[in-house]
Structures are given as C-alpha cells and as structure tokens.
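> attaching a predicted model along with its sequence, questions to come.
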Amino acid sequence: MKVTHKELIDNALSEIETLDVDDAVALLDKEDTVFVDLRDPRELQREGKIPKAFHATRGMIEFWLDPESPYFKKVFDEKKRFLFHCKADWRSALTVQTVTTMGLENAAHIKGGLTAWCQAGGPFTKGEGRS
C-alpha cells in the first residue's frame, strides 16, 4: 500500500514532541539545549541560520547519531535536549521520529521550523553559512 509524505509526517507528529516556536526561542541560550539545523548546506548559505545551531543534514543524521558509525558526532552523545528544525517542519518531524527510535532521548522539533522562528522574531544570522 502506498503511503504519502503527508501520512508519514502525520504519523511522526503523533509520536514525537513538538515545541511551539516561542518556547523554543526561550531555550536558545540554555547550555543544556542543542539546536540542530537539518537543512541542506545550500539553504544555510542562501538563507542564514539560528545562532549556535549545529548543522546536521537530514541525509546523514542516522549515521551521525550512531556511535558504531564511522560518521558519529560526539554532540549526539551529550546528555542535552535536542531541538531539531528545518525550513518548515516536515524534515524535522521525520527526523525526530527516527532519532527517537534510535535511542536519542529528549529530542523535539520546532513547530513551523525556521519560517515560524523568523516570523516570531527569533535570533537569526543572515548568510552566515555552515557551522
């Protein structure tokens, strides 16, 4: 049976934690919180980013999260809260579902993604490129 992208996203949203953008903005300077930007490098170069966000493209997240992978990133071994975002919130919903399945605790995504973040006046650096 064919499943649409909308069905995949709706399923993910029913299983994961979603943070409203105002709650996410309030966590930006917390030492125990890591913002994870899932967008493509071209998006970062073109659009900018949330200050201090860790960049992990959606296509590599499973490999960067797994300590057994040669691509493992130690940031995902830290006992912190991880807030994932993309431009809208589709990729981040699917990602949080995946990383939670893989055992990452305390992961959530930002409702509305970077678009909502900017509309809410969240801190943003234009054209900063990759972190």
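Noted; the coordinates are in hand. Numbering: from 1, shown residues only.
> residue contacts, the nearest residue to residue 70 once chain neighbours are set aside?
Distances taken as Cβ to Cβ, 6 or more residues apart in numbering put residue 63 closest to residue 70, at 7.9 Å, once the chain neighbours are dropped. Yep, even glycine has a C-beta here, placed from its N, CA and C like the rest. Neighbouring residues of residue 63 by Cβ atoms under 8 Å, 6 or more residues apart in numbering: 69-72.
> farthest pair within those residues?
Taking Cβ to Cβ as the measure, the contacts of residue 63 span a maximum distance of 7.2 Å, between 70 and 72.
> please say which of these two ends up with more neighbours.
Neighbour count, other Cβ atoms under 10 Å: between residue 70 and residue 72, residue 72 has more, with 14 against 6.
> the helices in the chain, which residues?
Secondary structure of the chain (DSSP state H): helices at 5-15, 21-26, 41-47, 61-65, 90-101, 113-119.
> of the ones you listed, which is nearest residue 126?
The nearest among the helices of the chain, by Cβ to Cβ, is helix 41-47 at 7.6 Å.
> mind exporting the closest one as CSV, just the C-alpha atoms?
What follows is helix 41-47, C-alpha atoms only, in CSV (Å, rounded to 0.1, in the frame of the first residue of the first chain):
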residue,chain,number,x,y,z
PRO,A,41,24.1,23.4,3.1
ARG,A,42,22.8,25.5,0.1
GLU,A,43,19.9,26.6,2.3
LEU,A,44,22.2,27.7,5.1
GLN,A,45,24.4,29.7,2.6
ARG,A,46,21.4,31.2,1.0
GLU,A,47,19.1,31.9,4.0
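> so what's the residue count around residue 5?
Residue 5, neighbours per other Cβ under 10 Å, totals 9.
> repeat for residue 84
30.
> same deal with residue 2?
4.
> separation between it and residue 47?
32 Å (Cβ to Cβ, to the nearest Å).
> try residue 30
24 Å.
> neighbour count winner among these two?
residue 47 (16 against 12).
> of the contacts of residue 63, which is the nearest to residue 79?
For the contacts of residue 63, with residue 79 as the reference and Cβ to Cβ as the criterion, the closest is residue 72, at 16.1 Å.
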